[in-house]
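[1] Quick one, structure for this:
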Amino acid sequence: MTELYELTMANGFLKNGKSDEIAYFDLFFRRVPDKGGFAVFAGLSQIIEYIKNLEFNEDYLSFLADYGFDKEFIDYLRNFKFACDIWSVPEGTPIFPNEPIIKVRGPIIQAQLLETILLVSMNYQSLIATKANRLVRAAKGTEVAEFGTRRSTSYDNAYYGSRAAYIGGCVGTSGVLQGKDFTIPTMNTMIHSWVQMFDSEYEAFCEYAKLYPDDCSLVIDTYDTIKSGVPNAIKAFDNILKPMGKRPISVRIDSGDITYLSKKVRKMLDEAGYPDCNIVASNSLDEYIINDMIMQGAKVDCFVVGERLINSASSPLFSGVYKLSAIEKNGEIIPKINLSENVSKITTPHSKMLYRLYDCNTGKAIADVLTLHDEEINENEPYTLFDPDFTWKRKEVENFVARKLLVPIFVNGEYVYKEPSLDEIRDYCSEQIDNLWEEVKRFENPHSYYVDLSENLWRIRKDLIEEHKGVKR
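    Predicted coordinates:
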């Protein structure tokens, strides 16, 4: 999984005698989807799996030889042995623009060849984890389930999207393979074609209840939710489930004014003696619709979201990029910068560490700080934060804890990380988002969370900009 120009560059580095030169790369992103206040990092597990199994087989090498790459390069790939160092923030971490989410150090060919798989894995899964968390926050404690497998634009997106949605806070998926491979709770429902296949709605409900008495969930809007759907469901519960000593799981509403209908349905179910029967809502839901439904008192126990989650329909791009930040010569780190006429695309040079500062009194995150890789933030003395663009904007913080977010994943090509389970990642994500101020979590005009540079890093960046622009000091 790479692109032709990555191989072209690798071949060029080999021919120029640079194959063993050490380079540093940062993976970061530029914009939060949906103009939100933060994103959620996901996809690291697939990156780890890919790198642990990275090799060039003979079929692939034959293809590259036929394309025109010469024997020297083919032999280099044949004898390829991964030797990079990789650091990453843990999956489930809330992340912000322009900070390194993954850092790579290693031979330039190897570090460059990782670009595609890092971005493919991080961009899509982070996009979906971020969208899922928006939906979960909008639901304010009501469950949200991901039912997007059939609505996805591709097999891989359906598969990995379920995993990312679970990290973001969804309670389960409709996807069977995802449930099996990722141990995500797999959730069930009845679909309209079942009802249509029988002579009557009541018969359809009865036959389903007979088949699945322990997991009876009926879709009640095929013809008329209030006039036929609920009455027939209650009748089937009374005549089929009750004599068996069973209780219904849920009814699902997939059309109409679900807020209004859910209130009516809840009253009818309660009066019939089924207060424990949940109401599930579906029908092209998103975080804004869910938020409005909650505010209007909808009696919904679970929101089922498909196409607008698995495709992040309102904001379907994640702006991750992978940029060179430094090289090593004779053991010395030499910072590199990428300038642009577009100021927002100017990179931050050097090998860096990413810190998150937490207030000791509230537990809330104060700011993220990028430092040089060997800088330490002293928690025992006040620390001055300043805006790297408007340096006169400064804030002194004290009584804080500084946590390093970048942790080692590979050292000299060897895997050194103990990967948490998916449930542990999901719990960690929820915990870390709870540590963000509510202002950062707003859907509309969220507060801009501080991502600042240390004084030393800021000066290196400033000096490099001036040097390349020919500014006299």
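
[2] and Lys345, what pLDDT?
    You'll see Lys345 listed with a pLDDT of 87.

[3] for the nearest residue to it once chain neighbours are set aside, phi and psi?
    Closest residue to Lys345 apart from its sequence neighbours, by Cβ to Cβ, 6 or more residues apart in numbering: Asn338 at 7.2 Å. All C-beta atoms are positioned from the backbone trio N, CA, C, and that covers glycine. Main-chain dihedrals, Asn338, degrees, to the nearest 10: phi -110, psi 110.

[4] isn't Asn338 right up against Tyr322?
    No. With contacts counted by Cβ atoms under 8 Å, Asn338 stays clear of Tyr322, the gap being 11.2 Å.

[5] higher neighbour count, those two?
    Using other Cβ atoms under 10 Å as the criterion, Asn338 and Tyr322 rank with Tyr322 on top: 18 against 14.

[6] In the sheet, which residues pair with that one? Tell me.
    For Tyr322, the beta-bridge partners are Leu27 (DSSP bridges).

[7] pLDDT score for it?
    97.

[8] if I pick it, what's in contact with it?
    Going by Cβ atoms under 8 Å, 6 or more residues apart in numbering, Tyr322 touches Phe25, Asp26, Leu27, Leu114, Glu115, Leu118, Leu119.

[9] List the residues that contact the closest residue to Val176 other than its chain neighbours.
    Setting aside the residues directly before and after it, Val176 is nearest to Thr186 in space (Cβ to Cβ, 6+ apart), at 6.1 Å. Thr186 makes contact with Gly172, Thr173, Ser174, Gly175, Val176, Gln178, Gly179, Lys180, according to Cβ under 8 Å, 6+ apart.

[10] Of the residues you listed, select the buried ones using a ChimeraX command.
    In ChimeraX, a selection of the buried entries from those looks like this (16 or more other Cβ atoms under 10 Å):
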select :172,173,174,175,178,179
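
[11] Select from the contacts of Thr186 every entry located in helices.
    Val176, Gln178, Gly179, Lys180 (DSSP state H).

[12] so what's the second one up against?
    Spelled out, it's Gln178. Contacts of Gln178 by Cβ under 8 Å, 6+ apart are Thr149, Ala158, Tyr159, Ser162, Arg163, Ile184, Thr186.

[13] contacts for stretch 381-396?
    The contact list for stretch 381-396 (Cβ under 8 Å, 6+ apart) reads 357, 366-367, 369, 377, 397-398, 400, 402, 450, 452-453, 455, 458, 461.

[14] Which of those residues fall within strands?
    Here DSSP state E is the test, and those give Leu357, Ile366, Ala367, Val369, Val397, Phe400, Ala402, Asp452, Leu453 as lying in strands.

[15] need these in JSON lines with distance to Ile51, neighbour count and pLDDT, can you?
    Output for those, formatted as JSON lines (distance: Cβ to Cβ, whole Å; neighbours: other Cβ atoms under 10 Å; pLDDT from 0 to 100):
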{"residue": "Leu357", "distance to Ile51": "31", "neighbour count": "21", "pLDDT": "98"}
{"residue": "Ile366", "distance to Ile51": "34", "neighbour count": "20", "pLDDT": "97"}
{"residue": "Ala367", "distance to Ile51": "31", "neighbour count": "18", "pLDDT": "97"}
{"residue": "Val369", "distance to Ile51": "28", "neighbour count": "23", "pLDDT": "98"}
{"residue": "Val397", "distance to Ile51": "37", "neighbour count": "15", "pLDDT": "95"}
{"residue": "Phe400", "distance to Ile51": "35", "neighbour count": "19", "pLDDT": "97"}
{"residue": "Ala402", "distance to Ile51": "29", "neighbour count": "17", "pLDDT": "97"}
{"residue": "Asp452", "distance to Ile51": "31", "neighbour count": "23", "pLDDT": "96"}
{"residue": "Leu453", "distance to Ile51": "29", "neighbour count": "25", "pLDDT": "96"}
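
[16] in the stretch 351-473 of the chain, which ranges drop under the pLDDT threshold?
    Scanning the stretch 351-473 of the chain for pLDDT under 70 picks out 471-473.

[17] change it to 80
    Applying pLDDT under 80 to the stretch 351-473 of the chain flags residues 469-473.

[18] since we're on the nearest residue to Ile249 once chain neighbours are set aside, how many residues are nearby?
    Nearest residue to Ile249, sequence neighbours excluded (Cβ to Cβ, 6+ apart): Ser217, at 4.7 Å. Using other Cβ under 10 Å, Ser217 has 18 other residues around it.

[19] Identify the residues contacting Asp286.
    So Asp286 contacts Leu135, Val305, Arg308, Ala313, Ser314 (Cβ under 8 Å, 6+ apart).

[20] what helix or strand does the spatially most central residue of the chain sit in?
    The residue lying closest to the centre of the chain (Cα atoms, centre = their mean) is Ser126, at 2.4 Å. For Ser126, the host element (DSSP states H and E) is helix 115-139.

[21] for Asp66, same thing?
    helix 58-67.

[22] Where do the domain boundaries of this protein fall?
    4-128+316-469, 134-310 (automatic domain parsing).

[23] Point out the most buried one among the ones you listed.
    Ranked by mean neighbour count, the domains of the chain are led by domain 134-310 with a mean of 19 (mean count of other Cβ atoms under 10 Å).

[24] now it: mean pLDDT?
    On average, the pLDDT along domain 134-310 is 97.
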